[in-house]
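Peer 1: Quick check, what structure comes out for this input:
(one chain, ligands or ions: 1)
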Amino acid sequence: MGSRIVSSGSYLPARCLTNADLEKVVDTSDEWIVRRTGIRTRYHLAEGEEPAVMGIEAGKRALAQSDASPESVDLLIAATNFPDMICPGSAPFIAAGLGFDQTPFFDLKAGCSGFVYGLAVADGLISSGMYKRVLLIGHEALSRVTDWSDRKTCVLFGDGAGAVLLEPAPAGTGVLGSALYGDNSKAFLLHLPAGGTKSPASHSTVDERGHYLRMEGAGVFRSAVPMMERATRGALVAASLTLADVDWLIPHQANLRIIDSLIKRLKFDRERVVVNLDRVANTSTASIPIALDEALRQGRIVAGSVVVLTAFGAGATYGAVVIRT
Ligand code: ACO
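Peer 2: Alright, predicted model coming up:
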């Protein structure tokens, strides 16, 4: 027995920020952002808006699409790097908003690869017979941890959520193979130094801006391409497929230049790569499920398509999953 994605949903906050809006906040330009990243707009939560709302809405849309009732879901996995609260995370708030009652839930933190990791975990749990219906949500409120005085990072991120519902399916029909990796030597390429137990919140952590995301951009860039190439090839081996069998590639939406370099290395057709970062920017764990949901709803990805989902992120984690839709 294996598992397959039976429905999906996504959600973006209402507030859209253009590059011109960011020009008013930091010393940057639309020309620089588009040329270096491909990003034109991003969506951010409004002040005071609850981050869990994004995961709740995405989850509701996935459930509505398959007519699954909240009571019929056996497990909720909420993948995120920046939960509503360090404790108890985000999952309980999302579960409450979805009307779950005693359904188990947990947060999954695996950098921007969180959705891909979550998909492999959900598939394993369903394949083992432990659970039947698993709702997997990737959600991220990056605007809340963005340093608005750092032009190197603040232009890159957006908020959002994407969800998929997984059910048992005959092996070889839905999730076809996966490959997960972690390079712990790169743990500091992308990190948020304070607020955890190593460096709890204090006046000095606030003064040092330690509660914002820090990134070594060039290092991330150099690592991202070989990581996603290795993961894509590894997952295809696990699925006993080759690149020639792949209809669509959905890479983590971090930077158009990273995606272009990946496609070049894989020698993959640009027309069959899903890209929405120009509109939604980098939404971390939410980026792949939002892109997948949009492509499914647009009818670009159709039933029976072979799709590779691949990501890299903080940790450094990376991985890929091959699915048949
Ligand atoms: N506007 C204008 N100029 C800028 C900006 C900006 N927003 N940001 C940086 N610059 C300047 C720099 O100050 C630097 O100027 P200098 O030469 O006078 O010092 C110049 O542009 C070049 O800076 P670099 O950092 O070398 O620019 P680079 O071409 O590497 O692009 C970028 C930076 C876009 C961050 C790139 O390194 C990148 O995309 N890295 C990967 C980022 C990524 O994928 N992050 C997410 C991964 S994890 C996750 O998804 C949460």
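Peer 1: can you tell if the longest helix along the chain touches the ligand?
Peer 2: Assignment by DSSP state H gives helix 217-238 as the longest helix of the chain. Yes - counting by C-beta under 6 Å from any ligand atom, contacts between helix 217-238 and the ligand involve 217-218, 220-221, 224. In this view, the C-beta of every residue, glycine as well, is placed from N, C-alpha and C.
Peer 1: Any idea how many residues pack against the residue nearest to Leu241 when sequence neighbours are not counted?
Peer 2: Nearest residue to Leu241 in three dimensions, chain neighbours excluded: Val322, at 6.4 Å (C-beta to C-beta, 6 or more residues apart in numbering). By other C-beta atoms under 10 Å, the residues close to Val322 number 25.
Peer 1: Quick one: residues contacting Val322.
Peer 2: Residues near Val322 by C-beta atoms under 8 Å, 6 or more residues apart in numbering: 175-178, 235-236, 238-239, 241, 246, 306-309.
Peer 1: Now for these, which sits with the most neighbours around it?
Peer 2: Of the contacts of Val322, with other C-beta under 10 Å as the count, Val308 tops at 29 neighbours.
Peer 1: That residue bridge partners, please.
Peer 2: Beta-bridge pairing of Val308 under DSSP bridges involves Leu249, Val322.
Peer 1: Show me where the stretch 201-325 of the chain dips below the pLDDT cut-off.
Peer 2: Counting by pLDDT under 70, the stretch 201-325 of the chain has no low-confidence residues at all.
Peer 1: ranges for the strands of it?
Peer 2: 214-215, 248-251, 306-313, 317-324 (DSSP state E, counting those that start in this stretch).
Peer 1: Now render these as CSV, adding distance to the ligand.
Peer 2: As requested, these are arranged in CSV below (distance: least, C-beta to the nearest ligand atom, whole Å):
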stretch, distance to the ligand
strand 214-215, 6
strand 248-251, 11
strand 306-313, 5
strand 317-324, 10
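Peer 1: Out of the ones you listed, which gets nearest to Leu266?
Peer 2: Among these, strand 248-251 comes nearest to Leu266, with 7.6 Å by C-beta to C-beta.
Peer 1: May I have that closest one exported as CSV, CA atoms only?
Peer 2: The C-alpha coordinates for strand 248-251 follow below in CSV (Å, rounded to 0.1, in the frame of the first residue of the first chain):
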residue,chain,number,x,y,z
TRP,A,248,6.3,18.7,-14.3
LEU,A,249,9.0,20.0,-12.0
ILE,A,250,8.0,22.1,-9.0
PRO,A,251,11.1,23.5,-7.3
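Peer 1: who touches the longest helix of the chain?
Peer 2: 152-153, 176-181, 183, 186, 189-190, 242-243, 245-246, 249, 251-252, 254-255, 257-258, 261-262, 265-266, 308, 310-312, 316, 318-322.
Peer 1: Buried ones in that helix, by neighbour count?
Peer 2: By 16 or more other C-beta atoms under 10 Å, the buried positions in helix 217-238 come out as 220, 223-225, 227-236, 238.
Peer 1: Next, the angle from that helix to strand 306-313.
Peer 2: 150 degrees (axes from the mean of the first three to the mean of the last three C-alpha atoms, to 10 degrees).
Peer 1: roughly how far is helix 217-238 from the heart of the chain?
Peer 2: Put simply, helix 217-238 sits 15 Å off its chain's centre (C-alpha atoms, centre = their mean, to the nearest Å).
Peer 1: Number the chain from 42, please
Peer 2: In the new count, where the first residue is 42, that last one comes out as helix 258-279.
Peer 1: ok, back up a step: can I have the buried ones of the contacts of helix 258-279 as a ChimeraX selection?
Peer 2: This is how ChimeraX selects the buried members of those, with burial counted by 16+ other C-beta under 10 Å:
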select :194,217,218,219,220,221,222,227,230,231,287,290,292,293,295,296,299,302,303,307,349,351,352,353,357,359,360,361,362,363
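Peer 1: Can you pick out the ones from the contacts of helix 258-279 that are in helices?
Peer 2: Short answer: those in helices (DSSP H) are 193-194, 298-299, 302-303, 306-307.
Peer 1: Just flag the most distant two among the buried residues of helix 258-279.
Peer 2: Of all pairs in the buried residues of helix 258-279, the most separated under C-beta to C-beta is Val261 and Ala279 at 25.6 Å.
Peer 1: quick one, what contacts the closest residue to the ligand within the stretch 42-191 of the chain?
Peer 2: Nearest residue of the stretch 42-191 of the chain to the ligand (C-beta to the nearest ligand atom) works out as Thr69 at 3.3 Å. By C-beta under 8 Å, 6+ apart, the contact set of Thr69 is 60, 63, 192, 196.
Peer 1: Report the contact partners of the third one.
Peer 2: To tie it back to what came earlier, the one meant is Arg192. 67-69.
Peer 1: Brilliant, that's me finished.
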